[in-house]
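*Asks:* Test case, fold it:
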Amino acid sequence: MIERYTLPEMGAVWSEDAKMQAWLDVELAAVRAWQKLGKVPKGAVAEIEAKARFDAARVAEIEATTNHDVIAFLTNVGEYVGDASKYIHYGMTSSDMLDTGLALQIKRAGRLLELDLVALGTVLKRRSFEFRDTVQVGRTHGIHAEPITFGMKLGMWAFEISRHLKRMRMATVTASVGKISGAVGAYNNVDPRVEEIVCEELGLGCEPISNQVVQRDRHATFLNTLAVIGASIEKFATEIRHLQRTEVREAEEAFGKGQKGSSAMPHKRNPILSERMAGCARVLRGNALVGMENVALWHERDISHSSAERIVLPDSCILLDYMLQKFTTLIDGLVVDESRMYANLNQSYRLVFSGSVLLALVDKGMSRDDAYQVVQACAMRAWSGGVDFGDLIKRDPAAMAVLTATEVEAAMDPNQFKVGREVIFRRLEELEF
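*Replies:* Model prediction:
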């Protein structure tokens with residue numbers, strides 16, 4: 001991932017040094033496992049643990065000749081360890097080390113993403129209560145529908161993030177799986193107990209039956225989970241982009257001191273972070289497709305998946321980490337114009353209460369079809385003439401034959417929705433991150 005979107009902690013998980021350290025952790029755990037089974041002398045284990053190290057630049061130098069990264073790595077470690085290095089990688093195939101090491105990286109990356117989701121969910125929940133009673137027009141198809149509150153919108157997003165947190169935890173466990181089962185997964189040259197000991201020591205699950213690799217449906221699930229989280233961020237960001245439009249102007253991204261919006265138009269304050277989120281989400285979806293393409297390998301395996309994984313797994317983790325942290329900052333500083341929300345609510349001549357008036361007529365004995373015709377006729381006149389919908393209802397003979405003016409106004413009171421709001425926010429109070 002380019003430096004622009006790489007934050008230090010997640011970037012460190014996917015560095016060359018971190019990758020090779022994970023490889024070394026796997027190899028050392030395997031040596032210790034073999035020692036427990038009586039295959040490696042204690043003295044050799046102590047020597048290996050004391051001397052084993054690597055130099056990424058030296059590994060690259062060796063690989064230029066061997067054209068095999070694992071052999072280059074093991075050769076470099078052997079240069080440090082000496083004769084005892086003969087016990088390193090004993091009975092193993094390259095993917096035993098590669099896939100188990102990758103599982104360690106995925107586990108660490110997944111944990112950071114979980115923390116990111118907790119942070120975003122916490123901010124969304126806090127701000128939803130801040131705007132619990134800030135009435136806003138709800139829109140369907142981009143058209144005024146019925147009143148909501150802005151806090152409800154943010155609360156809905158908080159629940160979505162809580163679902164993603166559960167998915168992230170499950171996907172991380174699913175992909176944090178190792179294998180030490182040899183060239184075709186049949187334990188031909190390695191004791192199955194080595195795999196159990198190594199995975200337990202490293203805090204990983206074991207692939208119950210593998211071929212040469214951990215099965216890639218696990219990694220596809222992980223990448224798809226990241227992509228779905230990205231899709232939600234895009235959804236939230238798209239809403240903010242709409243709300244920041246000049247014609248709406250109900251909420252906008254914070255605009256920092258010294259910030260510039262356009263090289264040509266000094267007045268511009270653009271939703272640049274929200275637009276960036278939308279673009280980054282597309283990359284995550286593309287990477288998820290690569291993950292699914294990697295599931296089908298030839299026979300006991302080929303390496304068509306590995307070249308692609310070197311790109312998509314680090315890039316997706318790094319990019320989603322960036323998106324979550326940036327979007328958390330965006331929400332935390334989101335500027336909300338409550339007066340503009342109220343003004344926009346009234347922009348459609350109180351037509352947003354048509355459903356309430358319809359039910360008021362039905363409650364007074366009018367048939368639904370007749371009530372719908374009365375309300376729709378008044379609504380269309382309000383639209384075309386720019387006239388208050390409530391005044392038209394109060395002038396309609398059929399409506400006033402069953403309703404009083406006071407009942408009409410009661411049906412058009414935004415506070416009538418408080419009962420539902422109370423239920424929603426009781427649920428939100430119970431939400432934990």
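*Asks:* Do a quick rundown of the strands in the protein.
*Replies:* 135-140, 143-149, 177-178, 205-206, 251-252, 335-336 (DSSP state E).
*Asks:* helices or strands next to the third one in the packing?
*Replies:* Of the remaining helices and strands, those touching strand 177-178 by 3 or more C-beta pairs under 8 Å, 6 or more residues apart in numbering; DSSP states H and E are helix 94-130, helix 192-202, strand 205-206. Quick note: C-beta positions are derived from backbone N, CA and C, even for glycine.
*Asks:* same question, the fifth one
*Replies:* Packing contacts for strand 251-252, counted by 3+ C-beta pairs under 8 Å, 6+ apart, involve helix 217-244, strand 335-336.
*Asks:* out of those, deepest packed?
*Replies:* Across the helices and strands packed on strand 251-252, the average number of neighbours (mean count of other C-beta atoms under 10 Å) peaks for helix 217-244, which reaches a mean of 21.
*Asks:* if we can go back for a sec, closest to Ala411 out of the helices and strands packed on strand 177-178?
*Replies:* Ala411 lies closest to helix 94-130 among the helices and strands packed on strand 177-178, at 27.3 Å (C-beta to C-beta).
*Asks:* Contacts only, for Gly138.
*Replies:* By C-beta atoms under 8 Å, 6 or more residues apart in numbering, the contact set of Gly138 is 144-148, 352.
*Asks:* Now do the contacts for the spatially most central residue of the chain.
*Replies:* Centroid-nearest residue in the chain: Ile229, 2.6 Å away (criterion: C-alpha atoms, centre = their mean). Shown in contact with Ile229 (C-beta under 8 Å, 6+ apart): 113, 117, 164, 167-168, 284, 320, 324.
*Asks:* and with 6 Å instead?
*Replies:* By C-beta atoms under 6 Å, 6 or more residues apart in numbering, the contact list for Ile229 reads His164.
*Asks:* same deal with Glu338?
*Replies:* For Glu338, the contact set (C-beta under 6 Å, 6+ apart) comprises Thr134.
*Asks:* For the contacts of Gly138, give me TSV that also has pLDDT, neighbour count and distance to Ala18.
*Replies:* Converted to TSV, the contacts of Gly138 look like this (pLDDT from 0 to 100; neighbours: other C-beta atoms under 10 Å; distance: C-beta to C-beta, whole Å):
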residue	pLDDT	neighbour count	distance to Ala18
His144	94	19	52
Ala145	92	16	50
Glu146	92	16	52
Pro147	91	20	51
Ile148	93	22	46
Val352	93	22	54
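*Asks:* quick one: which two of those are the most distant?
*Replies:* Within the contacts of Gly138, His144 and Ile148 form the most distant pair, 11.1 Å apart (C-beta to C-beta).
*Asks:* Now do the buried residues in stretch 104-112.
*Replies:* Buried residues in stretch 104-112, defined by neighbour count with 16 or more other C-beta atoms under 10 Å: 104-110, 112.
*Asks:* no no, stretch 110-123
*Replies:* Neighbour-count burial for stretch 110-123 [16+ other C-beta under 10 Å]: 110, 112-114, 116-123.
*Asks:* Dump those residues to JSON lines, plus distance to Met400 and pLDDT.
*Replies:* Below are the buried residues of stretch 110-123 laid out as JSON lines (distance: C-beta to C-beta, whole Å; pLDDT from 0 to 100):
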{"residue": "Gly110", "distance to Met400": "63", "pLDDT": "98"}
{"residue": "Leu112", "distance to Met400": "63", "pLDDT": "98"}
{"residue": "Leu113", "distance to Met400": "59", "pLDDT": "98"}
{"residue": "Glu114", "distance to Met400": "59", "pLDDT": "98"}
{"residue": "Asp116", "distance to Met400": "57", "pLDDT": "98"}
{"residue": "Leu117", "distance to Met400": "54", "pLDDT": "98"}
{"residue": "Val118", "distance to Met400": "55", "pLDDT": "98"}
{"residue": "Ala119", "distance to Met400": "55", "pLDDT": "98"}
{"residue": "Leu120", "distance to Met400": "51", "pLDDT": "98"}
{"residue": "Gly121", "distance to Met400": "49", "pLDDT": "98"}
{"residue": "Thr122", "distance to Met400": "51", "pLDDT": "98"}
{"residue": "Val123", "distance to Met400": "49", "pLDDT": "98"}
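*Asks:* Let me have those residues in CSV, extended by distance to Ala186.
*Replies:* Listed next are the buried residues of stretch 110-123 as CSV, based on distance: C-beta to C-beta, whole Å:
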residue, distance to Ala186
Gly110, 30
Leu112, 36
Leu113, 35
Glu114, 35
Asp116, 40
Leu117, 39
Val118, 42
Ala119, 45
Leu120, 45
Gly121, 45
Thr122, 48
Val123, 50
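*Asks:* Closest to Ala288 out of these?
*Replies:* Nearest to Ala288 among these: Leu113, at 14.5 Å, using C-beta to C-beta.
*Asks:* how far away is the closest one from Gln215?
*Replies:* Using C-beta to C-beta, to the nearest Å, Leu113 is found at 22 Å from Gln215.
*Asks:* cool, and Thr140?
*Replies:* 43 Å.
*Asks:* ditto for Asp302
*Replies:* For Asp302, the distance to Gln215 equals 14 Å [C-beta to C-beta].
*Asks:* So which of Thr140 and Gln215 has more stuff around it?
*Replies:* When Thr140 and Gln215 are compared on other C-beta atoms under 10 Å, the one with more neighbours turns out to be Gln215, at 19 against 8.
*Asks:* re earlier: output the strands of the chain in JSON lines; the columns should cover distance to Gln416.
*Replies:* What follows is the strands of the chain, written out as JSON lines (distance: least, C-beta to C-beta, whole Å):
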{"stretch": "strand 135-140", "distance to Gln416": "11"}
{"stretch": "strand 143-149", "distance to Gln416": "9"}
{"stretch": "strand 177-178", "distance to Gln416": "54"}
{"stretch": "strand 205-206", "distance to Gln416": "53"}
{"stretch": "strand 251-252", "distance to Gln416": "25"}
{"stretch": "strand 335-336", "distance to Gln416": "23"}
